[in-house]
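S.K.: Need coordinates for the following:
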Amino acid sequence: MHTEKRVRALFRKIKVDSFSDFCKDSDLVIEEMGFLGYSSPFTGNVSINLKKINEYKLSRPVLIGILAHELGHQISYRKRFFFSRWLFLWNYYLYIPKRRKIEYEADSFAVQRGYGKEIMALTLSDRKIFSGKLLEFIEKAYPSPDDIRGLIKKYP
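M.R.: From the prediction side, this is the model:
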């Protein structure tokens, strides 16, 4: 079981070791929400649903994958101006192809920074724990295991 204290320490380590150039002022928020993780384009914070992570008994590599993926979104957000972030979000929620591209970009940033195995673990776990309509959505809107293998090959 993951504790809040350990998750916060892990987040700080990942942030300092690999994402300090863009995410040095990002904080971790533990909250219950409808998904495992979320990255705010406006506050710069990363939120995770520790209750669901523990409920699904997700491994440490999967947790690291979630944190690295969400920090990957922060890199993307911080390259945009305030108005551009609104447009970015609008496209993210309305257009599945745009969302897939955005999620791929976040995974790409995480893989480039050394978290390829963890992103793969996350990608595979999503396909094991979710089913039905949610799994169909994940398969449409998020990179596939083959996509992640391609990123790992590109950024070893």
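S.K.: Would you map the helices across this structure?
M.R.: Shown for the chain, the helices assigned by DSSP state H span residues 4-18, 20-23, 50-55, 60-78, 82-94, 96-112, 116-129, 132-141, 145-154.
S.K.: Go through those and name the closest to residue 39.
M.R.: Residue 39 lies closest to helix 60-78 among the helices of the chain, at 3.7 Å (CB to CB). All C-beta atoms are positioned from the backbone trio N, CA, C, and that covers glycine.
S.K.: how about the helices of the chain, which one is nearest residue 33?
M.R.: Nearest of the helices of the chain to residue 33, taken as CB to CB: helix 50-55 at 8.3 Å.
S.K.: Just give me how far the helix or strand of the chain at the bottom of the mean pLDDT ranking sits from the chain centre.
M.R.: Within the chain, no helix or strand scores below helix 82-94, which has a mean of 82 by mean pLDDT, DSSP states H and E. Centroid separation between helix 82-94 and its chain, computed with CA atoms, centre = their mean, to the nearest Å, is 17 Å.
S.K.: now that helix and helix 96-112, what's the angle there?
M.R.: Relative orientation of helix 82-94 and helix 96-112, computed by axes from the mean of the first three to the mean of the last three CA atoms, to 10 degrees: 110 degrees.
S.K.: Give me the pLDDT value at the residue nearest to residue 15 when sequence neighbours are not counted.
M.R.: Among residues not flanking residue 15 along the chain, residue 23 sits closest, at 5.4 Å (CB to CB, 6 or more residues apart in numbering). On pLDDT, residue 23 comes in at 92.
S.K.: Residue 23: what's it in contact with?
M.R.: Contacts for residue 23 (CB atoms under 8 Å, 6 or more residues apart in numbering) come out as 15, 44, 71, 74, 75, 78.
S.K.: now the fifth one: how far from residue 50?
M.R.: Read that as residue 75. Per CB to CB, to the nearest Å, residue 75 is found 23 Å from residue 50.
S.K.: Equivalent analysis for the fourth one, please.
M.R.: Computed as CB to CB, the residue 74 to residue 50 distance reads 19 Å.
S.K.: Have a look at these two and say which one is more surrounded.
M.R.: residue 74 (23 against 19; other CB atoms under 10 Å).
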